[in-house]
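**Student:** Provided below for reference: sequence and predicted model.
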Amino acid sequence: MSKSVTGPEIERLIQLLAKLPGLGPRSARRAALHLIKKKDQLLSPLAAAMGEALEKVRLCETCGNVDTFSPCTICSDPRRDRSIIVVVEDVSDLWALERAAVINATYHVLGGVLSPLDGIGPEDLAIASMVERVKGADSAVREIIIAVNATVEGQTTAHYITDQLVGTDIKITRLAHGVPVGGELDYLDEGTLVAAIKSRSRF
Ligand SMILES: [Zn+2]
């Protein structure tokens, strides 16, 4: 074990920072040192923002988004098209779609995908609440866009959701699979090429 060069408080800060996605022990040390050097401009407001987030953050009861109130900003926005629900795995996917500003719909965050190998079944995901939302008496939902990742688990989940909505007249769509914008065919794997050919569209 390497000898500690700082007191336990700073060591603890480094250890916690190292748990953040994208930060290893080395970058965590750099981040901690940066925070300490910028105590007033950065460390202090960050600590305050974290305390406030800890106190106020909650999950939206309707869609599972993260916000400081429930229903969340998106669910309580009257300008949103309530006839479309975009189903995503994680809040980060919801945020990505919102950043792209491609659709003015509402969302449903599953909290993962079906993965029997990892022991993740339908009851571990927000699937029942989605079906309830779609089939509810006051539901205005006409379309479900399944925007899960293009993985085996993601596709299994998409099929499961589709099965749950059999017998309804809800239109179920999924994101196109294929060539990424700016992508070069030569660099794509065979699975992507097959998907791109299968989901080709009229020019
Ligand atoms: Zn919401």
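**Tutor:** Yep, that arrived.

**Student:** Now the helix or strand of the chain with the lowest mean pLDDT - C-alpha only, CSV.
**Tutor:** Every helix and strand of the chain was ranked by mean pLDDT, DSSP states H and E. The lowest is helix 190-198, at a mean of 91. The C-alpha coordinates for helix 190-198 follow below in CSV (Å, rounded to 0.1, in the frame of the first residue of the first chain):
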residue,chain,number,x,y,z
GLU,A,190,-21.2,-6.6,-39.5
GLY,A,191,-24.1,-6.5,-37.1
THR,A,192,-24.5,-2.8,-37.7
LEU,A,193,-24.3,-3.2,-41.4
VAL,A,194,-26.9,-6.0,-41.4
ALA,A,195,-29.2,-3.8,-39.3
ALA,A,196,-28.6,-0.8,-41.6
ILE,A,197,-29.6,-2.8,-44.7
LYS,A,198,-32.6,-4.3,-42.9
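
**Student:** what's in contact with it?
**Tutor:** Ala150, His177, Gly178, Val179, Leu185, Leu188 (C-beta atoms under 8 Å, 6 or more residues apart in numbering). Bear in mind the C-beta positions are built from the backbone N, C-alpha and C, glycine included.

**Student:** can you count the residues close to the closest residue to the fourth one other than its chain neighbours?
**Tutor:** This points to Val179. Once flanking residues are discounted, Val179 sits nearest to Ala196: 4.9 Å by C-beta to C-beta, 6 or more residues apart in numbering. When neighbours are defined as other C-beta atoms under 10 Å, Ala196 has 17 of them.

**Student:** swap in Asp186?
**Tutor:** Asp186 - counted by other C-beta under 10 Å - has 5 other residues nearby.

**Student:** That one and Glu123: what is the separation?
**Tutor:** In this view, Asp186 and Glu123 are 44 Å apart by C-beta to C-beta, to the nearest Å.

**Student:** do Met130 as well
**Tutor:** Distance from Met130 to Glu123, by C-beta to C-beta: 13 Å.

**Student:** The two: who's more crowded?
**Tutor:** Between Met130 and Glu123, counted using other C-beta under 10 Å, Met130 has the larger neighbour count: 22 against 7.

**Student:** Tell me which helix or strand that one sits in.
**Tutor:** Under the criterion of DSSP states H and E, Met130 resides in helix 128-135.

**Student:** buried residues in that helix?
**Tutor:** Ser129, Met130, Val131, Arg133, Val134 (16 or more other C-beta atoms under 10 Å).

**Student:** coming back round to it: next one: the least confident helix or strand of the chain to chain centre, how far?
**Tutor:** 25 Å (C-alpha atoms, centre = their mean, to the nearest Å).

**Student:** Same check on stretch 90-98?
**Tutor:** On C-alpha atoms, centre = their mean, the centre of stretch 90-98 falls 5 Å from the chain's centre.

**Student:** And for stretch 49-59?
**Tutor:** 18 Å.

**Student:** Which of the contacts of helix 190-198 are buried, as a PyMOL select command?
**Tutor:** To isolate the buried members of the contacts of helix 190-198 in PyMOL, using 16+ other C-beta under 10 Å:
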select buried, resi 178+179+188
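
**Student:** rewinding a little: what's the following helix or strand after the helix holding Met130?
**Tutor:** According to DSSP H and E, the helix or strand after helix 128-135 is strand 143-146.
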